[in-house]
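>>> Predicted model and sequence below, questions to follow.
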Amino acid sequence: MMKIALTGSIGMGKSTVAEMFERAGIPVFNADAVVHKLQAPGGGLVEKIGEHFPGCVRCGTLDRECLAQIVLADPDKLSTLEGIVHPAVREARDEFIAAHRDSPALLFEIPLLFETGGEKDFEKVVVVSAPADVQRARVMERTGMTAAKLDSILARQMPDSEKRARADFVVDTGNDLSTTESQVRDILACLGIAPDR
């Protein structure tokens, strides 16, 4: 089984590209989706986060905006949160691998792959990229996003140019979707993986 990591900075189009791999028959593990599930009402991490971040959990519900404001302003608090979240995500990832052990390849969508040193766990790394102006325009359309918040997020992410330099493959999403799909097909062909469709 080939384990492929898919990464890229905020607003680059990772989810769109991951869906293209999934449509081609490659099972996809989405780290962000796992985190959202663990932090949703009744999720496995809500109580623990509430213990470490008083005021961010009310009536069993995590206030993500409250938590984001705290961790984006304090690197130590961010490390505390990562110490809670990352082991749970690793456990979910191991369960995903076991459930798909007969697949020829698996794709893992991990936004902070390089930032956490996680690339060593994968045979290939695909970086999703787009021009900076396209990235900023996409992110600023998100509900609750501000220029200051975006700048804070980008400050803790590795620069796009460095991610591109460290990638085995780069998917440029600055063009139309058909061009992006063509790049995904080329990667699968290069890896010797025949799409299901």
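Structure received.
>>> Show me what the biggest helix by length in the chain is packed up against.
Ordering each helix of the chain by length in residues (DSSP state H) puts helix 75-99 first. When contacts are defined as 3 or more Cβ pairs under 8 Å, 6 or more residues apart in numbering; DSSP states H and E, helix 75-99 packs onto strand 28-30, helix 31-39, helix 46-52, helix 64-73, strand 105-109. For the C-beta atoms, the positions are set from N, CA and C on the backbone; glycine is no exception.
>>> Which residues belonging to that helix are considered buried?
Of all the residues in helix 75-99, those buried under the rule 16 or more other Cβ atoms under 10 Å are 80-81, 84-85, 88-89, 92-93, 96-97.
>>> follow-up on the earlier one: among the helices and strands packed on helix 75-99, show me which one is buried the most.
With neighbours defined as mean count of other Cβ atoms under 10 Å, the helices and strands packed on helix 75-99 peak in mean count at strand 105-109, which reaches a mean of 23.
>>> Strand partners (parallel or antiparallel) of whichever helix or strand comes after that one?
Going down the chain from strand 105-109, the next helix or strand is strand 124-129, by DSSP states H and E. Using DSSP bridges, the strands paired with strand 124-129 are strand 2-7 (parallel), strand 169-172 (parallel).
>>> what is the rounded mean pLDDT of the shortest one?
Spelled out, that is strand 169-172. Confidence over strand 169-172, taken as the mean pLDDT, stands at 96.
>>> ok, now stretch 82-99?
Mean pLDDT, stretch 82-99: 92.
>>> Send me that stretch as CSV with only the CA atoms.
Only the C-alpha atoms of stretch 82-99 are listed here, as CSV (Å, rounded to 0.1, in the frame of the first residue of the first chain):
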residue,chain,number,x,y,z
GLU,A,82,-1.8,20.2,19.6
GLY,A,83,-0.8,17.9,22.4
ILE,A,84,-4.5,17.0,22.9
VAL,A,85,-5.5,16.8,19.2
HIS,A,86,-2.6,15.2,17.4
PRO,A,87,-2.5,11.8,19.3
ALA,A,88,-6.3,11.5,18.7
VAL,A,89,-5.8,12.2,15.0
ARG,A,90,-3.0,9.6,14.8
GLU,A,91,-5.2,7.0,16.4
ALA,A,92,-8.0,7.7,13.9
ARG,A,93,-5.5,7.5,11.1
ASP,A,94,-4.3,4.1,12.2
GLU,A,95,-7.9,2.9,12.3
PHE,A,96,-8.4,4.2,8.7
ILE,A,97,-5.3,2.4,7.5
ALA,A,98,-6.5,-0.9,9.1
ALA,A,99,-9.9,-0.5,7.5
